[in-house]
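K.L.:
what follows is a predicted protein model with its sequence.
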Amino acid sequence: MGSLMKVNNGADTSSMFPRFTLFNDFLTGDFFNMPAERLNGMRTLPPANVKETERSFEFELAAPGMDRKDFNVMIEGNTLKISGTKEVSTEEKNSSWSRREFSYESFSRSFDLPEGKIDGKNISANYKNGMLLVSVPKTPEAQALKREIKVY
């Protein structure tokens, strides 16, 4: 009778076991330096870009596959809080079997903003092509503070 796997002592067994398992990467320290795409869905925070302009603070979060209704954007004091929840369920039925699967993803991010520099009443948010764009306008006083300082 043939064997399922042939092993030669002293032979290279790297082809039998995946070289890049999460467990191995964790033990060798490579887990923390691993690119996000290697985590296969383990990433819980969408990447964010933050930019300060003369008139506002701009936030871009990459969150593909979500809908507008999945986001919650709020300002609490000087903290901008952005969270999202996506729930998906699928169900297949046949005369002899049924399958039901659920998927749940959520994230929450907070950004501290300079005290007294934000206009909390005019914050806007827009979700388009997988990107959540949040604009936090500065107060007129904060906009007027910009000036060039001569270096001596």
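P.N.:
Yep, it's here.

K.L.:
quick one: least confident helix or strand in this protein?
P.N.:
Lowest by mean pLDDT, DSSP states H and E among the helices and strands of the chain is helix 22-28, with a mean of 51.

K.L.:
next structured bit after that one?
P.N.:
Using DSSP states H and E, the helix or strand that follows helix 22-28 in sequence is strand 48-52.

K.L.:
could you say what helices and strands that next one packs with?
P.N.:
On a contact count with 3 or more CB pairs under 8 Å, 6 or more residues apart in numbering; DSSP states H and E, strand 48-52 meets strand 56-62, strand 98-112. C-betas here are computed from N, CA, C, even on glycine.

K.L.:
10 Å instead?
P.N.:
In terms of contacts (3 or more CB pairs under 10 Å, 6 or more residues apart in numbering; DSSP states H and E), strand 48-52 is packed against strand 56-62, strand 98-112, strand 131-137.

K.L.:
now do the buried residues in the last one.
P.N.:
This means strand 131-137. By 16 or more other CB atoms under 10 Å, the buried positions in strand 131-137 come out as Leu132, Val134, Val136, Pro137.

K.L.:
repeat for the first one
P.N.:
Along strand 56-62, the positions that meet the burial threshold by neighbour count (16+ other CB under 10 Å) are Ser56, Phe57, Phe59, Leu61.
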